[in-house]
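1. structure for the following, please:
(one chain, ligands or ions: 1)
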Amino acid sequence: MKDIYLDNGGTTQLDPKVLDAMLPYFTIKFGNSSSIHKYGREANEALEKSRTIIAKAINANPKEIIFTSGGTESNNFAIKGIAFANKDKGNHIITTKIEHKSVINTCKWLEQNGFKITYLDVDKNGYISLPKLQEAITPRTILVSVMHGNNEIGTINDIDAIARLCKKNKVYFHSDACQSFTKVDIDVKNIDLLTLNAHKIHGPKGVGCLYIKDKTKIQAWQHGGTQENEMRSGTMNIHGIVGFAVAVKQAEKKHIPYMKKLRDKLIKELTSIEDVMLSGPKERLCNNVNLMFKDIPNESLGGHLDKKNIYTSAGSACSAKSSNPSHVLKAIGLSDDDANSSIRLTISKFTKEDEIDYVIKTIQDLVKKLRKKSFLDKVVDFVSKK
Ligand SMILES: Cc1ncc(COP(=O)(O)O)c(C=O)c1O
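-> The predicted structure follows:
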């Protein structure tokens, strides 16, 4: 049976066109973009062309794009870089309880280093409240970091409204847009810092960027040579950056309604099973479904799906090996048991409708089987205790 990959929130398959564009930069165009000879110039040209493509996609100026090794590094860079460069103004940072671990754990590290962090609550759909954000801002606040699209439950925040509120309060605003990039329009007009990566959009792993608005007071975090205006030293990952830009170009608008159609089919059919609930809002990322299957541990359902070559996840890929309930599902009000009975199904432009039909049928059958088994186990348990 062929594989059905529904963990595109974790990572995506490389688009073949991306691979084609990258290949020459491994082989014949292998120059270091800092070199001044022909090979260097060729690499530098590819670097700057890619920077322009990515900048244009978010309405930024190319010189405001700093390439990094991915979303985790960009989030670390944005938050630590702003924290240390602005500590004369204050030591307070605001974020939310449902950020990716690369934001939450960076904030936790800053707490051990003299900074104060407010982790805003979210409502049952994962939204923060703007009045609560306003209330949390103090004269010591230097940064607000709120993600654009949530990786587990697909919530899409109105980052322009949050950015405007921050601007009014003269506080920097950063957003992690790894999950929303190319799926929701982004304009950085009012945003100071934005994290993007390539591997969620059919680009290569290990490459991303941080958009830093011109004149932002930020400290470099990785020191060495003069690359990226000394904001992020190290030999440029040209093949990765070229792949990133081509992935952006390959993300066409028409893929969004296509993914929405498959997403909505999954939601409609699977929530019609008794005691299966959707977590997160109705208006959500076009590729995201997160379902709670009451009383069926996700390890069990996920394991059975795996055996049938259907690959899903229990939440964020970074926490997949942890048995702790998801911090995101807990923050929107699920109990530990319900959080541990939740499965995330994330589709991509390469997902086929017949795959979705097969997945629906397989899950319907498995749920029946697992519920019957758990009922019989309870009866046996009850009788043996008598
Ligand atoms: C919302 C979000 N932010 C950050 C990251 C981390 O990005 P990377 O894997 O490029 O380090 C991910 C991916 O796991 C993510 O989903």
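2. rest of the way, CA atoms for contacts and neighbours
-> Noted.
3. secondary structure class for Leu47?
-> Classification of Leu47 by DSSP: H, G, I helix; E, B strand; the rest coil places it in helix.
4. what's the neighbour count on it?
-> 21 (other CA atoms under 10 Å).
5. repeat for Lys89
-> Neighbours around Lys89, by other CA under 10 Å: 12.
6. that's a strand at it, yeah?
-> No. Counting by three-state DSSP, Lys89 is not part of a strand but coil.
7. Thr138 versus that one, what's the distance?
-> If you measure Lys89 against Thr138 using CA to CA, to the nearest Å, the figure is 11 Å.
8. residue contacts, the spatially most central residue of the chain?
-> For the chain, the residue nearest the mean C-alpha position is Gln179 (3.6 Å; CA atoms, centre = their mean). Each residue near Gln179 by CA atoms under 8 Å, 6 or more residues apart in numbering is listed here: Gly9, His148, Gly149, Asn150, Asn151, Lys200.
9. check those residues one by one and keep those near the ligand.
-> Asn150, Asn151 (CA under 6 Å from any ligand atom).
10. how would you label Leu305: helix, strand or coil?
-> helix.
11. over to the nearest residue to it once chain neighbours are set aside: give its phi and psi.
-> Using CA to CA, 6 or more residues apart in numbering and skipping the chain neighbours, the partner closest in space to Leu305 is Tyr311 (6.7 Å). Main-chain dihedrals, Tyr311, degrees, to the nearest 10: phi -110, psi 110.
12. still on that earlier bit, gap between the residue nearest to the centre of the chain and Thr11?
-> Distance from Gln179 to Thr11, by CA to CA: 10 Å.
13. give the contact list for the residue nearest to Met277 when sequence neighbours are not counted.
-> Spatial nearest neighbour of Met277, chain neighbours left out: Met292 (5.1 Å); criterion: CA to CA, 6+ apart. Applying CA under 8 Å, 6+ apart, one finds that Met292 lies in contact with Val276, Met277, Leu278, Ser279, Asp338, Ala339, Ser341, Ser342, Ile343.
14. find the helix or strand that the nearest residue to the third one once chain neighbours are set aside is a member of.
-> Nearest residue to Leu278, sequence neighbours excluded (CA to CA, 6+ apart): Leu291, at 4.6 Å. In this assignment (DSSP states H and E), Leu291 forms part of strand 288-293.
15. let's see that strand as CSV, backbone CA atoms only.
-> Taking Å, rounded to 0.1, in the frame of the first residue of the first chain, the C-alpha atoms of strand 288-293 are listed here in CSV:
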residue,chain,number,x,y,z
ASN,A,288,-4.6,22.1,9.3
VAL,A,289,-7.0,19.6,11.0
ASN,A,290,-6.7,18.8,14.7
LEU,A,291,-9.2,16.3,16.1
MET,A,292,-9.9,14.9,19.5
PHE,A,293,-11.1,11.3,19.5
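16. pull the number of nearby residues for Leu370.
-> Around Leu370 there are 17 residues (other CA under 10 Å).
17. what angle sits between the helix or strand containing it and strand 288-293?
-> In this structure, Leu370 sits in helix 353-385 according to DSSP H and E. For helix 353-385 against strand 288-293, the angle by axes from the mean of the first three to the mean of the last three CA atoms, to 10 degrees is 20 degrees.
18. mind listing what's buried in the host helix or strand of Ile104?
-> Element membership for Ile104, per DSSP H and E: helix 101-111. By 16 or more other CA atoms under 10 Å, the buried positions in helix 101-111 come out as Lys101, Ser102, Val103, Ile104, Thr106, Cys107, Leu110.
19. of all the contacts of Gln179, which comes closest to Leu194?
-> His148 (9.3 Å; CA to CA).
20. that older thread, now do the contacts for the residue nearest to Leu278.
-> Thr271, Val276, Met277, Leu278, Ser279, Ser342, Ile343, Arg344.
21. now do the fifth one against the ligand, distance only.
-> The spacing between Ser279 and the ligand, counted by CA to the nearest ligand atom, to the nearest Å, is 17 Å.
22. for Lys308, same thing?
-> 25 Å.
23. and that residue, how close does it get to Tyr5?
-> As judged by CA to CA, Lys308 and Tyr5 stand 11 Å apart.
24. quick one: which of the two has more around it?
-> Tyr5 (20 against 15).
25. ok, the closest residue to the more buried one other than its chain neighbours - how many residues close by?
-> Excluding the flanking residues, the one nearest Tyr5 by CA to CA, 6+ apart is Tyr311, at 5.0 Å. Using other CA under 10 Å, the number of residues around Tyr311 comes to 20.
26. go on, Lys2?
-> 8.
27. mind starting the numbering at 855 from now?
-> Fine by me, first position is 855 from now on; the one you just mentioned is Lys856.
28. residues in contact with it?
-> Asn1163.
29. so which elements touch the helix or strand of the chain with the lowest mean pLDDT?
-> Every helix and strand in the chain was compared by mean pLDDT, DSSP states H and E; the lowest is helix 1207-1239, with a mean of 85. In terms of contacts (3 or more CA pairs under 8 Å, 6 or more residues apart in numbering; DSSP states H and E), helix 1207-1239 is packed against helix 1109-1125, helix 1152-1161.
30. which residues touch the next helix or strand after the longest one?
-> If you walk from helix 1109-1125 toward the C-terminus, the next helix or strand you reach (DSSP H and E) is strand 1130-1132. By CA under 8 Å, 6+ apart, the surrounding residues in contact with strand 1130-1132 are Ile1121, Leu1124, Thr1125, Val1143, Asn1144, Leu1145, Met1146, Phe1147, Lys1148.
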